[in-house]
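*Asks:* 3D, please:
(one chain, ligands or ions: 1)
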Amino acid sequence: MAIERTFSILKPDATRRNLTGAINALIEKAGLRIVAQKRVQITRAQAETFYAVHKERPFFGELVETMIGGPVVVQVLEGEDAIRKYRDVLGATDPSKAAPGTIRKEFALSVGENSAHGSDAPETAAIEIAQWFSGNEIVG
Ligand code: IDP
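*Replies:* Numbering: from 1, shown residues only. Sure, this is the predicted structure:
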């Protein structure tokens with residue numbers, strides 16, 4: 001299996017509750033390396049662009065408000081099979097359905113405030129990484 005990179009966001013509910021380190025511990029325990037990381041306040045326009053795929057969904061407005069409700073930590077994670085591996089570490093979108101030991105089971109408050117995002121495919125990972133990091137900010 002090839003070494004991949006995936007994009008991660010530690011969402012406002014996580015930064016608000018000071019969970020950055022606890023979530024990073026689960027990421028690193030899974031064998032993923034944090035090769036880029038920064039704390040940012042997302043603008044409304046950035047949130048709408050990032051989640052454009054969901055713009056017709058009934059929860060889109062709530063999703064955008066949630067993502068701009070406080071600082072986030074954007075990250076690039078690197079490792080073998082990183083995209084699938086991080087999705088496994090995240091757990092199901094709905095924390096009540098997430099497996100024990102996953103980020104969302106351990107930390108998420110609700111579907112809307114589910115603590116972290118991870119890319120779902122190589123194409124989206126590449127787009128999302130490029131949206132938030134320049135090449136020289138990623139140090140593998
Ligand atoms: P994912 O983050 O597990 O890939 P997606 O289906 O891509 O899940 O949805 C993106 C984000 O939108 C979720 O992480 C969640 O925060 C939010 N979301 C999804 N479904 C709902 C919903 O029914 N109500 C509120 N927020 C939702």
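
*Asks:* so is residue 117 in a helix, a strand, or just coil?
*Replies:* Using DSSP: H, G, I helix; E, B strand; the rest coil, the secondary structure recorded for residue 117 is strand.

*Asks:* return the set of residues that bridge with it.
*Replies:* Under the criterion DSSP bridges, residue 117 forms beta bridges with residue 9.

*Asks:* if I look at the closest residue to residue 12 other than its chain neighbours, how far off is the ligand?
*Replies:* Of all residues not flanking residue 12 in the chain, residue 70 sits nearest, at 3.5 Å (CB to CB, 6 or more residues apart in numbering). To be clear about C-beta, it is placed using only N, CA and C from the backbone, and glycine gets the same treatment. With distances defined as CB to the nearest ligand atom, to the nearest Å, the gap from residue 70 to the ligand amounts to 14 Å.

*Asks:* in the protein, which spans are helices?
*Replies:* With DSSP state H, the ranges of helices along the chain come out as 12-16, 20-29, 44-50, 60-67, 82-90, 103-107, 122-132.

*Asks:* check which residues of the longest one are buried.
*Replies:* Spelled out, it's helix 122-132. Along helix 122-132, the positions that meet the burial threshold by neighbour count (16 or more other CB atoms under 10 Å) are 125, 128, 129, 132.

*Asks:* now tabulate those residues in CSV and tack on distance to the ligand.
*Replies:* Formatted as CSV, the entries for the buried residues of helix 122-132 read as follows, by distance: CB to the nearest ligand atom, whole Å:
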residue, distance to the ligand
125, 12
128, 11
129, 16
132, 16
